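Chemist: below are the sequence and a predicted model; questions follow.
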Amino acid sequence: MISERLKKQFIHIVGSENYLDSKAEKLVYSYDATPNYQAMPDAIIVPRNTEEVSQIVRLCNEHKIPLVPRGSGTNLCAGTCPTEGGIVLLFTRMNKLLELDEENLTATVQPGLVTLDMIQAVEAKGLFYPPDPSSMKISTIGGNINENSGGLRGLKYGVTRDYVLALEAVMPNGDVIRTGGKLAKDVAGYDLTRLFVGSEGTLCIITEATLKLVPMPETKQTMLALYQDIEAAAKTVSTIISNKIIPATLEFLDQPTLEVVEDFAKIGLPTDVQAVLLIEQDGPLEVVARDMQKIQEICLAERAVSVQVAQSELEAEALRTARRSALSALARLKPTTILEDATVPRSEVAAMVKAINEIAIKHQVKICTFGHAGDGNLHPTVATDARDHEEMERVEAAFEDIFAKAIELGGTITGEHGVGMMKAPYLEWKLGAEGIAAMKAIKLAFDPNNIMNPGKVFAKESRKRVVVSR
Amino acid sequence: MTSVKEKQVIQDEFKKRMDEDELLNCMRCGFCLPSCPTYIESGFKESHSPRGRIALMKAVVDGVIEPDEDVERTLDLCLGCRACEPVCPSGVKYGHLLEEARDIINQNKKHSLPVRVLRQTVFEGLFPYQNRMRVLTNLLGIYQRSGLQSAVHHSGLLRLLPDSMTSMERVLPKVPTMKEMKNRPTHLPALQAQKKRVAFFSGCLMDTMFLKTNDATIKLLQHAGCEIVIPKEQNCCGALHGHSGEKNMGKELAKRNIAAFEDLEVDYIITNAGGCGAFLVDYDHLLKDDPEWFMRAVAFKEKIKDMSAVLVELKFHEKDLSVQPQRVTYQDSCHLRNVQGTFLQPRVLLQAVAGADFYEMKDADRCCGSAGIYNIVESGMSMQILDHKMEKVAESMATTIVTANPGCLLQMKLGIEREGLSGVLRAIHIADFLLEGLEGQLEGSK
């Protein structure tokens, strides 16, 4: 709870128009895009600059008030759900592109900047910022950094972490620090930049970031390979890569996903095949032509029923946009959509897809699968109804099996969505008790009062490891 | 203020009437946020976004919060432009949720006396009666023609009214006389080889204040090869009622319209106002719980077509059309675009007119802030949206803004007036513009 006196102090810092605590305002910041998570904050504060953030954090630390930084609330691990109350720190007023440095190829931004707005500004200068989470039209750079978001181009270009060069961060005691710089090389001390990226708001509040840009690829081509056999599609993924080709994008969608996506996007996606691969290559014209030719041959050799190349950039963009809407479109099937984020080494994609299908049958749940097959990051998604408790239990059991299988195959419990509240009970499966202890030691050193997004990443109780029956 | 008892009743009604599946269907992905004008104009406040409003409606149903003034405020501030619907991958019918919520609140809340009188006059006493609409329009005509208008302008009396109202008074069209309004024919032949037999939905405001635009639409349809019937028994579509929480009156009007059109044996029922058309195609939803009317509403809905859609279907754009050289841009009618899905056809038509240098304005699909009576009751937000719209118009360097809905047309005129551009920039309904194009050509061929 926030006392009247403390409220006055907050208002003194940010002004009354930037301190919200009506019931309606609290309600609309009580959730993010994660199903089944909702908790009311005590107040919402909208800071205008780093200095204000620092003062707010200092006060919160003094009074042991939880702080949850929030961009657009599009995340899928309940990372921005204020599960322990406290303050939601909103970055809508810190949303500027501060600098585009064409000599060092960097962009310096405030955390509230919408990812797509930045990408467009950068591309207008012929430069390229590769991370492209599906939510990029809405999600903010700050959110991307906190969750270490991936995207469709992750296979070739990596994820957000690979593009963050420097950060300005407010530490839990209110100190403002700067990490990294516009440098290609820097080995001065611990790499706090990489530690903070993906720390999900549990270590500090990021107030500014310098991002690495690369030259815009000269050309790009997009194709769809259609399959009547899901596992053949999955097998193609590893064959392409073992042939030493790294496509820019290599996405997998199964038939039920295709159907709902087509229902929304209406761009003529094939809905009569069991699976498709959406494949893109970019780079110099000759390289793209050569790779695409070879990929096409591999697809056909791996029993693709047909391969279609997009005839224009418009057509290609429609395909990518349709793919990005897959998750939300799946909500058409049933009221509640629960999406997971299991990731395996890409050589194991076929095995994982096969296991997901068996797990679905075992627990009698409908699982649609799509995802970034090229980097092994799959999104098995269950369409269910949160009101049906019996089914929800089966869904949960199925996901446990999926995580266990992913880890067994050398994978992980989340590839790009983060741990948040949703995956916290499973983190120990991946890290072991010693791994958790090491991470907790870092958390404690930075944030002894546990005010930074408490309840996230570390669960009160870990899940017991289940044995997958095969 | 809403009393404790009223809140309780509203909450109970929410539980009874709100479509729980539709509320759950929103999976809070946030894809709607960038398309929402009030989210953007409010400085990215979640409470003024579709996702936020749905969360609030659901919270009231779940009993998590009570329907207090803040909840009401966020619902009131929604333009109802439904730009969130086509971009929603989950396919949430936001418009239906909003309509139901507003109806529940309005029907169970005691408005202050002046508001009550105004609402009753407008919703029950005026719009449902076409003859009264004519009388009112005629009074406006007398005011305009008698010299009273210029006297009032000189007197400075208008300074007593809020800004937006003063400007609105200036931009109202020169209205027709009583005689013109009453002489509406009921049957017109095709003016070239007949291709379709259609009925014309003449509307209430469109057939009084915007009579000329209706006449233009009819002429275009005749030239496109349509035989036209205009049933006298038709009346206001009820959109204003539906959007303002007067659903029952809306249902009554819907039934009267369905009855008026159902035995005509026509291919289409043509509308020329985006807002009306969108409400007409939703009649089946409006009457979904009425077994006697539901199927009749479905049959009615399936015949609704916007004038620009039928003109393109009948290849009107292949005619020789020409106007004086001018730069033209098009402001979408939200409801025509987002609910009826008609946005390519007006552009096809405009690009077919020689002399019209068509330029696609940025964010043409974003609401202009008119939204029924929104620009009067939510003047502040409406004018903020309009000012940003006018910036985009200025960037387009257009000299003509074409619209497809009377509300948008007046709003654009208001924008022109506010910017002091009345001499250099004009706003015109697409029917009137196409008629200019047709007549320009007809005169040329004489």
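Modeler: Thanks, I have the structure now.
Chemist: could you check how far residue A:190 is from chain B?
Modeler: As judged by C-beta to the nearest C-beta, to the nearest Å, residue A:190 and chain B stand 35 Å apart. For glycine as for every other residue, the C-beta is placed from the backbone atoms N, C-alpha and C.
Chemist: count the neighbours of that residue for me.
Modeler: Residue crowding around residue A:190 was assessed by other C-beta atoms under 10 Å in any protein chain shown; the count is 8.
Chemist: in the stretch 251-400 of chain A, which spans are helices?
Modeler: Assigned by DSSP state H, counting those that start in this stretch, the helices in the stretch 251-400 of chain A fall at A:255-265, A:285-301, A:313-324, A:326-330, A:349-363, A:389-408.
Chemist: and residue B:402, which of those is closest to it?
Modeler: Closest to residue B:402 of the helices of the stretch 251-400 of chain A, according to C-beta to C-beta: helix A:313-324, at 25.3 Å.
Chemist: quick one: that closest one to helix A:255-265, angle?
Modeler: Relative orientation of helix A:313-324 and helix A:255-265, computed by axes from the mean of the first three to the mean of the last three C-alpha atoms, to 10 degrees: 120 degrees.
Chemist: does helix A:313-324 reach chain B?
Modeler: No - on the criterion C-beta under 8 Å from any C-beta of the partner chain, helix A:313-324 is out of touch with chain B, staying 8.9 Å away.
Chemist: what's the longest strand belonging to chain B packed up against?
Modeler: In chain B, assigned by DSSP state E, the strand with the most residues is strand B:322-330. Where contact means 3 or more C-beta pairs under 8 Å, 6 or more residues apart in numbering or on different chains; DSSP states H and E, strand B:322-330 is packed against helix B:344-351, strand B:354-358, helix B:379-396, strand B:400-403, helix B:430-445.
Chemist: still on that earlier bit, and the helices of the stretch 251-400 of chain A, which is most packed in?
Modeler: Here the criterion is mean neighbour count by mean count of other C-beta atoms under 10 Å in any protein chain shown, and of the helices of the stretch 251-400 of chain A the winner is helix A:326-330, at a mean of 27.
Chemist: ok, and does that one reach over to chain B?
Modeler: Yes - counting by C-beta under 8 Å from any C-beta, chain B is contacted by helix A:326-330 at A:326, A:327, A:328, A:329.
Chemist: return the residues of chain B in contact with chain A.
Modeler: Checking chain B against chain A by C-beta under 8 Å from any C-beta, the hits are B:21, B:24-31, B:33-34, B:43-47, B:49, B:51-52, B:55-56, B:59, B:64-66, B:68, B:70-71, B:73-74, B:88-91.
Chemist: go again using 7 Å as the cut-off
Modeler: Residues of chain B lying near chain A by C-beta under 7 Å from any C-beta of the partner chain: B:21, B:24-25, B:27-31, B:33-34, B:43-44, B:46-47, B:52, B:55-56, B:59, B:64-65, B:68, B:70-71, B:74, B:89-91.
Chemist: in the chain, where is pLDDT below threshold?
Modeler: You didn't say which chain, so I picked chain A. Low-confidence segments of chain A (pLDDT under 70): A:464-470.
Chemist: you answered for a different chain; I wanted chain B.
Modeler: Judged by pLDDT under 70, the stretches of chain B that qualify are B:1, B:162-164, B:443-446.
Chemist: pick out the residue closest to the middle of it.
Modeler: Geometric centre of chain B, nearest residue: residue B:275, 2.8 Å, by C-alpha atoms, centre = their mean.
Chemist: how does the chain divide into domains?
Modeler: This is for chain A. A:4-90, A:97-215, A:217-325 (automatic domain parsing).
Chemist: nope, chain B
Modeler: For chain B, automatic domain parsing gives the domain ranges B:4-107, B:318-444.
Chemist: redo these as CSV? Include mean neighbour count.
Modeler: Listed next are these as CSV, based on neighbours: other C-beta atoms under 10 Å in any protein chain shown:
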stretch, mean neighbour count
domain B:4-107, 21
domain B:318-444, 20
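Chemist: rewinding a little: any chance of the helices and strands packed on strand B:322-330 in TSV with distance to residue B:316 as columns?
Modeler: Converted to TSV, the helices and strands packed on strand B:322-330 look like this (distance: least, C-beta to C-beta, whole Å):
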stretch	distance to residue B:316
helix B:344-351	7
strand B:354-358	14
helix B:379-396	25
strand B:400-403	15
helix B:430-445	8
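Chemist: out of these, which is closest to residue A:216?
Modeler: Taking the helices and strands packed on strand B:322-330 one by one with C-beta to C-beta, helix B:379-396 is closest: 26.0 Å.
Chemist: got the angle for that closest one vs strand B:322-330?
Modeler: Going by the same axes, to 10 degrees, helix B:379-396 makes 130 degrees with strand B:322-330.
Chemist: follow-up on the earlier one: quick one: list the elements packing against the strand or helix carrying the residue nearest to the centre of chain B.
Modeler: Using DSSP states H and E, residue B:275 falls within helix B:274-280. Judged by 3 or more C-beta pairs under 7 Å, 6 or more residues apart in numbering or on different chains; DSSP states H and E, the packing partners of helix B:274-280 are helix B:239-243, strand B:304-306.
Chemist: next one: that helix to chain centre, how far?
Modeler: 7 Å (C-alpha atoms, centre = their mean, to the nearest Å).
Chemist: and for stretch B:34-41?
Modeler: 19 Å.
Chemist: and for residue A:172, the neighbour number?
Modeler: Counted with other C-beta under 10 Å, residues neighbouring residue A:172 total 22.
Chemist: distance of it relative to residue A:75?
Modeler: Going from residue A:172 to residue A:75 by C-beta to C-beta, to the nearest Å gives 21 Å.
Chemist: with residue A:253 instead?
Modeler: On the measure of C-beta to C-beta, residue A:253 and residue A:75 end up 22 Å apart.
Chemist: which parts of chain A sit against chain B?
Modeler: Applying C-beta under 7 Å from any C-beta, we find that chain A lies next to chain B at A:22-25, A:27-29, A:31, A:33, A:35, A:72-74, A:92, A:135, A:137-138, A:264, A:325, A:327-329, A:331-332, A:335-337.
Chemist: and residue A:78, which helix or strand is it part of?
Modeler: Element membership for residue A:78, per DSSP H and E: none, as it lies in no helix or strand.
Chemist: sorry, slip of the keys, the one I care about is residue B:165.
Modeler: Going by DSSP H and E, residue B:165 is part of helix B:163-171.
Chemist: and the next helix-or-strand element following that helix, which residues are buried?
Modeler: Using DSSP H and E, the next helix or strand after helix B:163-171 towards the C-terminus is helix B:178-182. With burial defined by 16 or more other C-beta atoms under 10 Å in any protein chain shown, the residues of helix B:178-182 counted as buried are B:178, B:180, B:181.
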